[in-house]
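Asks: Just need the structure, nothing else, for what follows:
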Amino acid sequence: MGRHSQPDESDGPDYSGIFDAMDGADHTGHTGHTDRSGRIDHSAPDNTGSRPGASSRRRTVAISTALVLAVATGAVVVLRGGLLPSAESCRSNAVRLTVAASPDIAPGLRTVADHARKAGIRSDGRCLDVKVTSRPAHEVAKALGDADRTPGFQVWVPDSSVWVERAATSPVSAAPLDTLGGIASSPVTVAATPTAAERLGWPEKTYDWAQLAEAGSGGDNPRLGAADPARSATGLLALARINGSIAKAAAGDGKAATDTRAAANAKLLSQRAATTDTALRKSLPRRDQAVVLSEQAAFAHNAEADEASRLDLFYPKDGTAELDYPYTVLNDRELTTVRARAATRFMTLLTDPRGRRALRKDGFRTADGKVGEDVAQAAGGRTPQPYAVTPSPGPSAREVEAALGMWTITVQSARLNTVVDASDSMSDPVPGRGGQSLMDVTKASLRQAMKRFNSRDEIGLWEFSTGLDGDRDYRELVATRRLGTRTPDGTGQRDVLSAAFDALKPLPEGSTGLYDTTLAAYRQAQDTFVPGKFNAVVILTDGANQDPDGISRTALVKELKRLVDPDRPVPLIAIAIGPDADQDACQEIARATGGSAQRVNDPAQINAAMLKAIVAAGEAGAG
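Replies: Now for the predicted structure:
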């Protein structure tokens, strides 16, 4: 990636010295390993050592066993020698580490880093010089998904594992991410100003997440506000938890009714959404207000507030979501052996008694969620609110994606032109699908995806293959209209689309005319752009461009970049189906428009891939 190590550091993270120095250490019981180059073998099973009930997402992020062992055994190598004898030797022989941290926890990390620097604490015989920068987690996650950008740090401490998961599963990742564990935690709560809290029955009355959402839906009660889930883990975790609570409460009403209720709740929540957690906190002087905040954010607010504007906290009785502050190492070229040990050493400082006190002083719980009653009460908690309960397991990656997708579509209704490959290869059978073809499973996925959209959303349909319509490689089957639109005979747009999906068939001997189709679909989407909606082109293809007489890939990318209009954003979402799809081409043409490409090995995954791509494009537009 074009970065260079310091001259006196080794070229790669060779962890062998860590094991060599662990005299008598117990090396049994660990899972996973590093190979000879020091890189992590992600094929090995992982074991985070998380407490029961911790977020299941943590298990999807690879763990660097060498680093974990260094922590678990007391970091024998990095602790060796204690303090350096002089400040001069520290200045000349320091190992420098840069940590990007969520703004709420960055001050506590700086306190520990300053202590390490002033006390001359060293790692592997060299003084530890840690620079902590404050960076919003959603911005870092987005940057890590861009291989053309240099991260500029070796350790990342976001407020939630959801950001690590999103960065790690990005189509393009700048570096493998290795999470050593959490360094702190803070439950997600509903904070209310005194007037609002009294009207909601605080502290005696307790609620589950669905009841809190309903209580904040209007009428005589205060409206519930939150930070944008696309930018805030607090808002996202609360939204996912509310959706789960609604689904549980409405289990007997059917999925359609549950989804409708969840979408209605998201719409109401969006009307009081702030762009970020910081912006939400700044809105708190309103007297009659309830908002989703972490316990730590409420603690910080109350530390500066007068009695009239202090917050009271509701802790949902069906289990709080939690921010888990994962200590995450970028396992790239900058992670030399020296820096790997320094990263381990700094984590031991954050989790030793002095480090825990520094974070507790700022209103954080320990990583295991153990509550300090003084912290909870200073944040606004009071019994019988269940603030001492163990946080419940976090939402799964699928639940997070579903919540984000619903938020993107619900808050800003969509206008999508769906363009489906109809080349002959779409007749190929899908393994394990009982003889169903790529086209059969693709059509089923599209019908399922359409259920997520409401009557205000606009959906159209094209098909494409070489020579499909005279010299054209594409043909419009259904014009892009609102799903609630009806024809003079009473037929709705949903019915028209459903019939068109059913009629899709691969063209015998047809080839993939991808590039001409992409350009035509993009131009039409821009020409018919509707302000206030999420406008996008969704292209599904199982192959590579096979039209030698059409536009070239280089020319297409150049023209797409020329056509992009910031005032009329139309991201292109490309879904590459199966092993023969040209993922590189899909990625390049999608990125030229601010969109993204997703690969699916089974067309049944199209629904989830579309949702993920829509969320990614929506985040890019918001940024």
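
Asks: any weak-confidence spans in the stretch 51-200 of the chain?
Replies: Under the criterion of pLDDT under 70, the regions of the stretch 51-200 of the chain flagged as low confidence span 51-89, 91, 146-149, 170-174.

Asks: Just give the number of residues close to the closest residue to T193 other than its chain neighbours.
Replies: When the adjacent residues along the chain are set aside, T193 lies closest to Q289, with 5.2 Å between them (C-beta to C-beta, 6 or more residues apart in numbering). Heads up, the C-betas are built off the backbone N, CA and C, glycines and all. The local packing count at Q289 equals 22, with neighbours defined by other C-beta atoms under 10 Å.

Asks: Do you know the pLDDT at D220?
Replies: pLDDT, D220: 64.

Asks: re the thing from before, my guess is the residue nearest to T193 contacts A226, does it?
Replies: No. Using C-beta atoms under 8 Å as the test, Q289 is too far from A226 to be in contact (11.6 Å).

Asks: any idea how far S309 is from the residue nearest to T193?
Replies: In this view, Q289 and S309 are 10 Å apart by C-beta to C-beta, to the nearest Å.

Asks: So what's the residue count around V530?
Replies: Taking other C-beta under 10 Å as the neighbour definition, V530 ends up with a count of 15.

Asks: hang on, the earlier thing: how near is the residue nearest to T193 to A266?
Replies: The span separating Q289 from A266 equals 19 Å under the rule C-beta to C-beta.

Asks: show me what contacts T98?
Replies: When contacts are counted by C-beta atoms under 8 Å, 6 or more residues apart in numbering, T98 is found next to V130, K131, T133, G152, F153, Q154, V155.

Asks: Tell me who's in contact with P508.
Replies: When contacts are counted by C-beta under 8 Å, 6+ apart, P508 is found next to D424.

Asks: Check for me that it belongs to a helix.
Replies: No. Secondary structure assignment places P508 outside any helix; it is coil (DSSP: H, G, I helix; E, B strand; the rest coil).

Asks: Which pLDDT value goes with it?
Replies: Among the per-residue scores, P508 holds a pLDDT of 89.

Asks: Check R494 too.
Replies: R494 carries a pLDDT score of 93 in this model.

Asks: Does it belong to a helix, a strand or coil?
Replies: Assignment for R494 (three-state DSSP): helix.

Asks: If you drop the residues flanking it in sequence, what lies closest to it?
Replies: The spatially closest residue to R494, leaving aside those adjacent along the chain, is L483, at 5.3 Å (C-beta to C-beta, 6+ apart).

Asks: And for T485?
Replies: Taking C-beta to C-beta, 6+ apart as the measure, T485 lies nearest to Q493, with 4.7 Å between them; neighbours along the chain are not counted.

Asks: Would you agree that neighbour is in contact with L483?
Replies: Yes. The pair formed by Q493 and L483 meets the contact definition of C-beta under 8 Å, at 4.9 Å.

Asks: overlap in contacts of those two?
Replies: Taking C-beta under 8 Å, 6+ apart as the contact criterion, the common neighbours of Q493 and L483 are I459.

Asks: Out of these two, name the residue with the larger neighbour count.
Replies: The neighbour comparison of Q493 against L483 (other C-beta under 10 Å) goes to Q493, with 23 against 20.

Asks: Report the contact partners of that one.
Replies: Under the criterion of C-beta under 8 Å, 6+ apart, the contact partners of Q493 comprise I459, V478, R481, R482, L483, G484, T485, R486.

Asks: Show me how the record splits the chain into domains.
Replies: Residue ranges for the domains of the chain, per automatic domain parsing: 16-168+327-360, 187-323+377-399, 412-622.

Asks: how about a markdown table for these, with distance to K370 added?
Replies: Output for those, formatted as a markdown table (distance: least, C-beta to C-beta, whole Å):
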| stretch | distance to K370 |
| --- | --- |
| domain 16-168+327-360 | 10 |
| domain 187-323+377-399 | 9 |
| domain 412-622 | 34 |
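
Asks: Nearest to D178, out of those?
Replies: Taking C-beta to C-beta as the criterion, D178 comes closest to domain 16-168+327-360 out of the domains of the chain, the separation being 3.8 Å.

Asks: Got a quick PyMOL command for the buried subset of the contacts of T98?
Replies: Those of the contacts of T98 that meet the burial criterion (16 or more other C-beta atoms under 10 Å) are gathered into one PyMOL selection, given here:
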select buried, resi 130+153+154+155
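
Asks: farthest-separated two in the contacts of T98?
Replies: Maximum pairwise distance among those (C-beta to C-beta): 14.3 Å, between V130 and G152.

Asks: about what we covered before: angles on the backbone of the residue nearest to R494, please.
Replies: Comment: the main-chain dihedrals of L483 come out as phi -70, psi -20, following degrees, to the nearest 10.

Asks: That one contacts K451, correct?
Replies: No. With contact taken as C-beta under 8 Å, L483 and K451 are classed as non-touching, separated by 10.5 Å.

Asks: and the helix or strand hosting C586, what does it pack onto?
Replies: In the assignment (DSSP states H and E), C586 maps to helix 583-591. In terms of contacts (3 or more C-beta pairs under 8 Å, 6 or more residues apart in numbering; DSSP states H and E), helix 583-591 is packed against helix 514-527, helix 553-563, strand 572-577, strand 596-600.

Asks: go with 6 Å
Replies: helix 553-563, strand 572-577, strand 596-600 (3 or more C-beta pairs under 6 Å, 6 or more residues apart in numbering; DSSP states H and E).

Asks: Among the ones you listed, show me which one is buried the most.
Replies: Each of these was assessed for mean neighbour count using mean count of other C-beta atoms under 10 Å. The highest is strand 572-577, with a mean of 28.

Asks: Parallel or antiparallel, list what pairs with that one.
Replies: The sheet places strand 572-577 alongside strand 534-541 (parallel), strand 596-600 (parallel), with pairing taken from DSSP bridges.

Asks: Please name the nearest non-neighbouring residue to S427.
Replies: Closest residue in space to S427, ignoring its immediate chain neighbours: P506 at 4.1 Å, by C-beta to C-beta, 6+ apart.

Asks: Next up, the contacts around the one you found.
Replies: A422, D424, M426, S427, M439 (C-beta atoms under 6 Å, 6 or more residues apart in numbering).

Asks: Got a PyMOL select line for the buried ones in the residues you listed?
Replies: In PyMOL syntax, the buried subset of those is picked out as below (16+ other C-beta under 10 Å):
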select buried, resi 422+424+426+427+439
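
Asks: mind checking which helix or strand the residue positioned nearest the centre of the chain is in?
Replies: Residue closest to the average C-alpha location in the chain (C-alpha atoms, centre = their mean): R166, at 3.6 Å. Using DSSP H and E, R166 falls within helix 161-168.

Asks: outside of the helix or strand hosting L359, which residues touch it?
Replies: When secondary structure is defined using DSSP H and E, the element that contains L359 is helix 353-361. Taking contacts as C-beta under 6 Å, 6+ apart, the residues outside helix 353-361 that touch it are G108, T111, V112, A184, L349.
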